[in-house]
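Colleague: Curious how this folds, go ahead:
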Amino acid sequence: MTKATISTRRVNLGQLTLNLREVGSGQLIIFLHGVTSNSAIWDPILLNLSGRARCVAIDQRGHGLSDKPDAGYAAGDFAEDIAKIIASYGGEPATVVGNSLGSRNSIAVAALYPDLVKSIVPIDFTPFIENEVFDALEKRVVAGDRRFRSREEITEYLRDRYRLMPDTAIRTRVESAYVEEDGLWRPRASPSAMVQTVIGLREELETSMLRVKCPAMIVRGAQSSFVSEEAFQKTRDLRPDLSTYVVQGVDHYVNEEAADLVTRMIEAFCLDRR
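Modeller: Coordinates of the predicted model:
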């Protein structure tokens, strides 16, 4: 059997251009990464699902190889980008899977563009995240804007930061999220965009969650320090009609730490129910 190959392309949305990674054919599934990350983190899941779906991972604005405008990092800005991407594939409703920032954006696009979204899988983000969690995130994002002398130094930094992430996922981040410049390595993500994006994560999300009409499976990592048990339970109480799932043995980066399990969850929730 020929192994599926992920291709990349750039899509002009009018005021900015986004970079996509895509593979497979069939039902459209959009994948959205977290803050400071990029589309390459989804590669194992894209390849796992490529025989059953058209999988498209987006470098969201300000990240990866996509454009990095000076402003425009509110939930509505990201949701509009995603809606335009879905429309570019013919406008048939898509499943949207996202982690962290991508999770928030999956909720936003489902609320704002219901005709374009078939179902969503928000991973480790809820409307009830505590302020101190966002405070800590802002500090980490600022601390991550630094220069490294080598990829080995980046690797050690990421291993210390992401304790439960497997080496293959660390390697993907090292190879895709940093670029060499003047003999040093820096993050591809725009520092200014990251600050604005993190500020935007504090936007009120409860209203959007209430507006979601499509099927949703809300996922939390059992060891997540980002989504507390209390925040997750409040989400369950807000929308008892939606599916929820807690993945054991992982923290905030569920899709990178348990890619095979997340693949099976997506298959069961988004593909097998058709």
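Colleague: Could you look up the SS state of residue 244?
Modeller: Three-state call for residue 244 (DSSP: H, G, I helix; E, B strand; the rest coil): strand.
Colleague: Report whether the expected contact of it with residue 217 is present.
Modeller: Yes. The criterion here is CB atoms under 8 Å, and residue 244 meets it with residue 217 at 7.2 Å. Where you see a C-beta, it was placed from the backbone N, CA and C, and this is true even at glycine.
Colleague: Comparing the two, which shows the higher neighbour count?
Modeller: It is residue 217, of residue 244 and residue 217, that has more neighbours when counted by other CB atoms under 10 Å, with 19 against 16.
Colleague: Give me the distance between that one and residue 265.
Modeller: Per CB to CB, to the nearest Å, residue 217 is found 7 Å from residue 265.
Colleague: shared neighbours of the two, which are they?
Modeller: Applying CB atoms under 8 Å, 6 or more residues apart in numbering, one finds that residue 217 and residue 265 are jointly contacted by 121, 245.
Colleague: The lowest-mean-pLDDT helix or strand in the chain: how far from the chain's middle?
Modeller: Confidence across the helices and strands of the chain bottoms out at helix 131-144, with a mean of 92, counting by mean pLDDT, DSSP states H and E. Put simply, helix 131-144 sits 17 Å off its chain's centre (CA atoms, centre = their mean, to the nearest Å).
Colleague: For it, which outside residues touch it?
Modeller: Residues outside helix 131-144 that contact it (CB under 8 Å, 6+ apart) are 35-36, 161, 187, 194-195, 198-199, 201-202, 225-226, 228.
Colleague: Check whether residue 14 sits in a helix, strand or coil.
Modeller: The local conformation at residue 14, judged by three-state DSSP, is coil.
Colleague: Excluding sequence neighbours, find me the nearest residue to it.
Modeller: residue 84 (7.7 Å; CB to CB, 6 or more residues apart in numbering).
Colleague: Same check on residue 203?
Modeller: Per CB to CB, 6+ apart, closest to residue 203 is residue 75, 5.3 Å.
Colleague: where does the residue nearest to residue 14 land in three-state SS?
Modeller: helix.
Colleague: Give me the pLDDT for it.
Modeller: pLDDT for residue 84: 97.
Colleague: One more: the one 3 residues further on?
Modeller: Residue 87 is assigned a pLDDT of 96 by the prediction.
Colleague: and the direction of the helix or strand following the least confident helix or strand of the chain versus that of helix 131-144, what angle?
Modeller: For helix 131-144, the following helix or strand on the C-terminal side (DSSP states H and E) is helix 151-161. Relative orientation of helix 151-161 versus helix 131-144 (axes from the mean of the first three to the mean of the last three CA atoms, to 10 degrees): 170 degrees.
Colleague: Could you tell me which residues within helix 151-161 count as buried?
Modeller: Neighbour-count burial for helix 151-161, counted by 16 or more other CB atoms under 10 Å, picks out 154-155, 157-158.
Colleague: all helices of the chain, in order?
Modeller: Ranges of helices in the chain, per DSSP state H, are 43-49, 75-88, 101-112, 131-144, 151-161, 167-176, 191-200, 206-211, 229-238, 254-257, 259-266.
Colleague: Least confident of these, on average?
Modeller: Sorting the helices of the chain by mean pLDDT places helix 131-144 lowest, at a mean of 92.
Colleague: buried stuff in that helix?
Modeller: Using 16+ other CB under 10 Å as the test for burial, helix 131-144 gives 133, 137-138, 141, 144.
Colleague: Present the residues you listed as a markdown table; the columns should include distance to residue 56.
Modeller: Formatted as a markdown table, the buried residues of helix 131-144 follow (distance: CB to CB, whole Å):
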| residue | distance to residue 56 |
| --- | --- |
| 133 | 29 |
| 137 | 27 |
| 138 | 30 |
| 141 | 26 |
| 144 | 26 |
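Colleague: Many thanks, we can stop here.
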